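**Q** A structural model of the following input is requested.
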Amino acid sequence: MKGSKRIIGVIFVAALVVMVALLLPKGQTDQGVPTNSVVPSMSISANSDAQLRQLFLEQTSDVQVSGTGTVTRLLADDTEGSRHQRFILRLASGQTLLMVHNIDIAPRLSGLAVGDTVSFYGEYIYSDQGGTVHWTHHDPSGQHVAGWLEWRGRRYQ
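**A** Numbers count the residues shown, from 1 in each chain. Now for the predicted structure:
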């Protein structure tokens, strides 16, 4: 009996993963919009603060995440190699994330200010300061999951 309950649990989790994967944003060809454009906002999944906290505690990297936070600090652009807009988000949980948004591929969030709310979908990288989220844009080569930032009702990818 224990074995059959475990199998049912595994099937349920697998089905849930497939359903979530089908609901996540897809690349340019599925949306019919050039991936370097600004498109109207779309709603995202529920708060992922718990997942981000767990990734931080386990010092795990290379995981696709989504969430929403408040801008607490604007940083200078990183101009080494590809240019990246950088800012710090504080999640409702208090955890902070360094957002690193490639502005050679995706539009800059021009006018972004401390106190603004930004939603995101990208790849989490562990750091002892809370973590970094990058790949908040499409991948021109189509090899990486497309990410995005949402701010003031618009999606930047």
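
**Q** Beyond whichever strand or helix holds residue 65, next helix or strand please.
**A** Per DSSP states H and E: residue 65 is located in strand 63-78. Per DSSP H and E, the first helix or strand lying C-terminal to strand 63-78 is strand 84-90.

**Q** any idea how far the residue nearest to residue 78 when sequence neighbours are not counted is from residue 70?
**A** Nearest residue to residue 78, sequence neighbours excluded (Cβ to Cβ, 6 or more residues apart in numbering): residue 84, at 4.3 Å. The C-beta positions use only the backbone N, C-alpha and C, and glycine is treated the same way. To residue 70, residue 84 is 20 Å away according to Cβ to Cβ, to the nearest Å.

**Q** of these two, who's got more company?
**A** Just comparing residue 84 and residue 70: by other Cβ atoms under 10 Å the higher neighbour count belongs to residue 84, 21 against 14.

**Q** Correct me if wrong: the more buried one contacts residue 105.
**A** No - Residue 84 is beyond contact range of residue 105, at 9.7 Å (criterion: Cβ atoms under 8 Å).

**Q** related to what we said a few turns ago, show me what the residue nearest to residue 78 is bridged to.
**A** Under the criterion DSSP bridges, residue 84 forms beta bridges with residue 78, residue 102.

**Q** For it, give me its contacts.
**A** Residue 84 sits next to 77-78, 100-103, 134 when contact means Cβ atoms under 8 Å, 6 or more residues apart in numbering.
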